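**Student:** The sequence isn't on hand, but the structure is:
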């Protein structure tokens with residue numbers, strides 16, 4: 001394969017192309033303020049509250065309503081550690097006009113789901129409440145705004161509700177406990193040395209959460225939930241003037257504080273010496289090493305500031321590309337690495353380079369990480385690297401501008417929140433694109449190098465290490481890590497060589513094939529072509545996104561076609577290996593460079609019962625998308641370097657996976673459900689050692705060597721007229737040989753009877769329970785719908801009882817479904833984390849609810865919530881490309897009528913309590929259940 005330095009002619013062509021793409025560039029005033037999105041209506045009320053209102057029609061008839069409170073854990077007094085987060089919880093447990101659970105009950109009754117559309121978070125610096133409400137009825141939007149106003153100053157803090165919610169927050173604390181949390185707790189005092197941030201990890205002190213007085217809790221709310229620290233963000237499908245008026249009316253009535261408590265701005269002090277935060281844990285499942293450089297926040301106010309930010313983006317992008325290239329070596333020093341510069345706290349930012357390494361590779365990975373950083377510091381970047389990075393940035397800005405009218409309201413809301421909290425300008429996508437066109441061509445490589453040095457040389461350095469603690473494993477000491485840093489500084493490091501493959505992606509374009517049959521479905525809006533080679537292509541043009549086409553190609557068979565379990569073990573995961581190996585003359589790194597500036601992704605896969613390819617791209621890159629699909633089928637690479645690289649990266653992931661109690665728990669559940677079948681074993685080093693590249697490559701060629709029964713779906717901004725010659729050329733030339741096959745039953749059968757297993761793992765006071773009801777059953781569409789309804793009913797019922805009434809868990813996970821392949825079977829899974837001492841009590845409480853649903857069905861209110869949610873989901877789902885793609889493939893796979901996609905509203909209208917009751921009666925069988933319990937290790 002020819003590899004060489006970028007030829008001068010190609011370099012010139014790249015730069016000319018970039019300049020052309022940038023046109024029309026304008027002279028700009030670098031001292032001018034960054035232009036703000038003119039569609040945003042903003043103002044400040046007399047009481048100090050800020051508001052931001054932006055009309056946006058995606059999703060249709062929905063609005064994102066956020067209350068942003070500029071106070072978080074760092075504002076807590078010492079006797080309040082953890083109470084900022086508890087207050088966030090209390091906002092959902094009663095306000096002046098929505099007592100106790102009435103608020104959540106109301107929101108669910110109008111079809112909003114607790115979690116995806118009703119949520120909040122607390123961080124060190126802020127607390128944010130987020131709603132997505134329907135706007136098809138004015139009263140729904142108005143009530144959403146009233147809820148924000150209630151949260152701002154009317155939370156009830158009833159004693160009984162506070163005490164119940166303490167338990168829920170303790171369970172959230174418990175759920176988060178583990179190796180990662182313990183290592184983070186050990187590193188925070190070093191990372192934030194000398195700062196209040198070191199003492200505030202948001203979840204807080206369990207003893208304070210349990211025992212803080214009601215007055216202590218309310219004191220935080222009184223001190224910090226006040227108009228001058230708040231913003232209301234409203235983005236959605238509404239009349240902006242009317243919403244602004246309602247915000248001014250509702251929130252303007254909140255009294256201003258006459259003598260507000262001064263808010264201190266905790267500093268993170270600079271330090272001349274390098275600090276080391278080395279944390280180990282016996283349950284750590286992986287190892288990592290990072291260099292963090294703390295520095296002052298960059299100014300973001302002017303066009304010149306934005307130009308400086310572009311310099312930083314370019315530097316980090318090029319450094320990430322180099323680190324990615326190293327990770328693809330046969331024996332890489334790290335399995336993954338990245339570079340980035342981001343805000344750290346309100347007053348500081350942080351540049352970081354970080355790597356995931358093998359357990360005994362911390363020093364080696366750290367050396368490689370520092371070497372690449374130092375190489376870039378000393379020698380900078382090449383013009384060809386810069387040209388690619390500029391092209392990528394410009395293409396991203398072009399896509400954002402193309403999708404501006406189709407961008408989700410939540411995304412705009414987040415940008416406005418960031419402006420309120422940190423002053424980051426909220427630009428219109430078209431203005432951002434124009435600035436990129438104006439500024440990128442004039443940014444020279446030495447300016448990018450200077451920005452990298454400004455980030456990397458700021459002075460306040462911290463080296464962090466996370467690693468397992470076990471016998472025989474030596475983790476580098478501070479002195480040894482310091483020696484690595486000194487050695488890299490003293491070493492002669494050559495400049496980076498930007499090697500490329502100077503060949504076309506496809507050496508010879510094949511002759512277009514004929515379309516032998518055409519079919520349209522006006523109800524579904526699909527066009528189906530059958531090509532001369534037998535490949536079926538289903539196009540679903542939509543206007544949901546302007547710059548998105550999704551692809552899914554699927555064929556029955558998969559790994560089930562392998563008779564021998566030993567052979568199966570040697571080729572498991574082969575599609576991931578081949579898909580990461582490049583195509584044709586291009587290894588993974590060369591391919592990445594070749595595709596620079598093109599929005600294309602395609603990944604092959606081989607599942608148990610099918611094989612295929614998934615991906616997507618921009619309409620302007622449709623030909624490249626189809627070329628990559630063709631190349632992954634016709635010209636995959638049997639690349640030993642890529643194979644060894646993937647094996648070593650997987651080894652780093654698997655070395656200590658067994659030490660993770662939750663991984664052991666999940667593996668145990670799978671083992672019981674599959675009868676320890678050799679084809680369903682969890683990932684392991686033993687399994688990794690069995691993989692064989694030659695066998696895997698041969699199997700891949702077999703799976704993709706005959707595409708006669710392949711169906712390719714293209715959904716999104718696809719123009720059938722423009723797509724036809726491309727489809728005929730690339731998909732029409734996929735290889736076929738007349739093979740038509742189906743999947744084979746691999747013999748993995750659901751267990752019968754009662755199976756209980758108790759694992760003792762981990763040192764934290766943390767329990768987990770999972771109950772699974774699984775049995776063979778004839779598939780039907782009504783039965784599948786009933787299973788979905790049963791899961792949704794249980795999700796609400798168990799949240800209300802196990803979480804809210806009993807304070808027994810942070811959340812109950814419920815999933816249910818009815819599958820058709822390889823045979824009909826249902827599966828209902830109910831799982832939760834809890835205090836180990838309450839595992840039996842909560843299990844019995846769950847059983848009580850399950851028995852009640854099976855005996856009596858859901859109550860009217862719960863069923864109405866599920867029906868409302870289904871109706872609302874149907875409204876938004878039918879306007880999403882990914883939903884259409886998934887459903888079309890689902891019906892293709894199962895051989896069912898795709899017109900069922902259009903019956904979501906009818907399904908909701910036809911849902912009854914008896915349907916759910918019957919599903920529960922069939923599924924919830926005390927004599928046929930798997931229960932796995934995780935408890936702390938004994939002694």
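**Tutor:** All right, it came through fine. What you see is a predicted model, and the numbers here were worked out from it, not measured in a lab.
**Student:** Please count neighbours and contacts with C-alpha atoms only from this point.
**Tutor:** OK.
**Student:** So what's the predicted local confidence for the residue positioned nearest the centre of the chain?
**Tutor:** Compute the mean C-alpha point of the chain, and by Cα atoms, centre = their mean the closest residue is residue 116, 13.3 Å away. Residue 116 carries a pLDDT value of 87.
**Student:** how would you label residue 232: helix, strand or coil?
**Tutor:** Secondary structure assignment for residue 232 (DSSP: H, G, I helix; E, B strand; the rest coil): strand.
**Student:** one step back: so the residue nearest to the centre of the chain sits in a strand?
**Tutor:** No: Residue 116 sits outside any strand when classified using three-state DSSP, being coil.
**Student:** And stretch 874-883, what's buried?
**Tutor:** 874-875, 877, 879-882 (16 or more other Cα atoms under 10 Å).
**Student:** Take the residues you listed and write them to TSV, including secondary structure, distance to residue 750 and pLDDT.
**Tutor:** Formatted as TSV, those follow (DSSP: H, G, I helix; E, B strand; the rest coil; distance: Cα to Cα, whole Å; pLDDT from 0 to 100):
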residue	secondary structure	distance to residue 750	pLDDT
874	helix	32	94
875	helix	36	93
877	helix	32	95
879	coil	37	96
880	coil	34	97
881	helix	34	98
882	helix	31	98
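**Student:** Among these, give me the pair with the biggest separation.
**Tutor:** Greatest spatial distance in the buried residues of stretch 874-883: 875 and 882, 14.2 Å, computed using Cα to Cα.
**Student:** the strands in the stretch 201-350 of the chain, which residues?
**Tutor:** Along the stretch 201-350 of the chain, counting by DSSP state E, counting those that start in this stretch, strands occupy 230-236, 275-281, 287-296, 336-345, 348-357.
**Student:** For the residue nearest to residue 738 when sequence neighbours are not counted, give its distance to residue 212.
**Tutor:** Closest residue to residue 738 apart from its sequence neighbours, by Cα to Cα, 6 or more residues apart in numbering: residue 708 at 5.9 Å. Using Cα to Cα, to the nearest Å, residue 708 is found at 68 Å from residue 212.
**Student:** before we move on, what about residue 288?
**Tutor:** Applying Cα to Cα to residue 288 and residue 212 gives a distance of 37 Å.
**Student:** Those two - which one has more neighbours?
**Tutor:** residue 288 (23 against 17; other Cα atoms under 10 Å).
**Student:** Which residues are in contact with the residue lying closest to the more buried one once chain neighbours are set aside?
**Tutor:** Of all residues beyond its chain neighbours, the one nearest residue 288 is residue 356 (4.4 Å), with distances taken as Cα to Cα, 6+ apart. By Cα atoms under 8 Å, 6 or more residues apart in numbering, the residues touching residue 356 are 286-289, 334-337, 365, 652.
**Student:** tell me which element the spatially closest residue to residue 221 that is not a sequence neighbour falls in.
**Tutor:** Nearest non-adjacent residue to residue 221, counting by Cα to Cα, 6+ apart: residue 87, 7.3 Å away. Secondary structure from DSSP states H and E places residue 87 in helix 83-90.
**Student:** which other residues reach that helix?
**Tutor:** By Cα under 8 Å, 6+ apart, helix 83-90 touches 72-73, 76, 120-122, 127, 155, 157, 161-162, 165-166, 169, 202-204, 208-209, 217, 220-221.
**Student:** That one: how far from the chain's middle?
**Tutor:** Mean C-alpha position of helix 83-90 versus that of the full chain (Cα atoms, centre = their mean, to the nearest Å) differs by 25 Å.
**Student:** any idea which helix or strand comes after that helix?
**Tutor:** Assigned by DSSP H and E, the successor of helix 83-90 is helix 102-109.
**Student:** buried stuff in the very next helix or strand once past that following helix?
**Tutor:** Per DSSP H and E, the first helix or strand lying C-terminal to helix 102-109 is strand 118-122. Neighbour-count burial for strand 118-122, counted by 16+ other Cα under 10 Å, picks out 118-120, 122.
**Student:** and after strand 118-122, which helix or strand comes next?
**Tutor:** Next element after strand 118-122 (DSSP H and E): strand 127-134.
**Student:** Pull the distance from that following strand to the chain's centre.
**Tutor:** Taking Cα atoms, centre = their mean, the mean C-alpha location of strand 127-134 is offset from the chain mean by 19 Å.
**Student:** How about stretch 163-173?
**Tutor:** On Cα atoms, centre = their mean, the centre of stretch 163-173 falls 26 Å from that of its chain.
**Student:** Name the residues that touch it?
**Tutor:** Contacts of stretch 163-173 (Cα under 8 Å, 6+ apart): 86, 89-90, 203, 206, 209-210, 803-810, 833-835.
**Student:** Need the buried ones from those residues selected in PyMOL.
**Tutor:** Selecting only the buried entries of the contacts of stretch 163-173 in PyMOL, with 16+ other Cα under 10 Å as the criterion:
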select buried, resi 86+89+90+203+206+209+803+804+806+807+808+809+810+833+834+835
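**Student:** for the stretch 801-939 of the chain, what are the low-confidence residue spans?
**Tutor:** 939 (pLDDT under 70).
**Student:** Can you give me the neighbour number for the residue nearest to residue 221?
**Tutor:** Other residues within reach of residue 87 by the criterion other Cα under 10 Å amount to 22.
**Student:** cool, residue 837 as well?
**Tutor:** 12.
**Student:** Same question for residue 297.
**Tutor:** With neighbours defined by other Cα under 10 Å, the count for residue 297 comes to 16.
**Student:** Run a quick check on it versus residue 343, I expect a contact.
**Tutor:** Yes: contact criterion Cα atoms under 8 Å: residue 297 and residue 343 qualify, at 7.0 Å.
**Student:** Return every residue with contacts to both of these two.
**Tutor:** In contact with both residue 297 and residue 343: residue 349, using Cα under 8 Å, 6+ apart.
**Student:** Residue 827: which element?
**Tutor:** Here residue 827 is assigned to strand 825-834, by DSSP H and E.
**Student:** Can you tell me what sits against that strand?
**Tutor:** 171, 174-175, 766-779, 787, 791, 808-819, 923.
**Student:** go on, stretch 843-853?
**Tutor:** With Cα under 8 Å, 6+ apart, stretch 843-853 has contacts from 769, 794, 797-798, 802, 916-917, 920, 924.
**Student:** Check stretch 672-686 too.
**Tutor:** 565, 568-569, 651, 654-655, 667, 670-671, 748-751, 755, 930.
**Student:** For residue 378, state which of these is nearest.
**Tutor:** residue 651 (33.0 Å).
**Student:** What degree of burial does the residue lying closest to that closest one once chain neighbours are set aside show, as a neighbour count?
**Tutor:** Distances taken as Cα to Cα, 6+ apart place residue 685 nearest to residue 651, at 6.6 Å, with adjacent residues excluded. Counted with other Cα under 10 Å, residues neighbouring residue 685 total 16.
**Student:** for residue 684, same thing?
**Tutor:** For residue 684, the neighbour count with other Cα under 10 Å is 16.
**Student:** got it, and the one 3 residues further on?
**Tutor:** Using other Cα under 10 Å, the number of residues around residue 687 comes to 13.
**Student:** Could you do residue 28 as well?
**Tutor:** Residues near residue 28, counting by other Cα under 10 Å, number 12.
**Student:** Before we move on, what's the pLDDT of the residue sitting furthest away from the middle of the chain?
**Tutor:** Residue farthest from the centre of the chain, counting by Cα atoms, centre = their mean, is residue 258 at 43.3 Å. If you check residue 258, the pLDDT there is 90.
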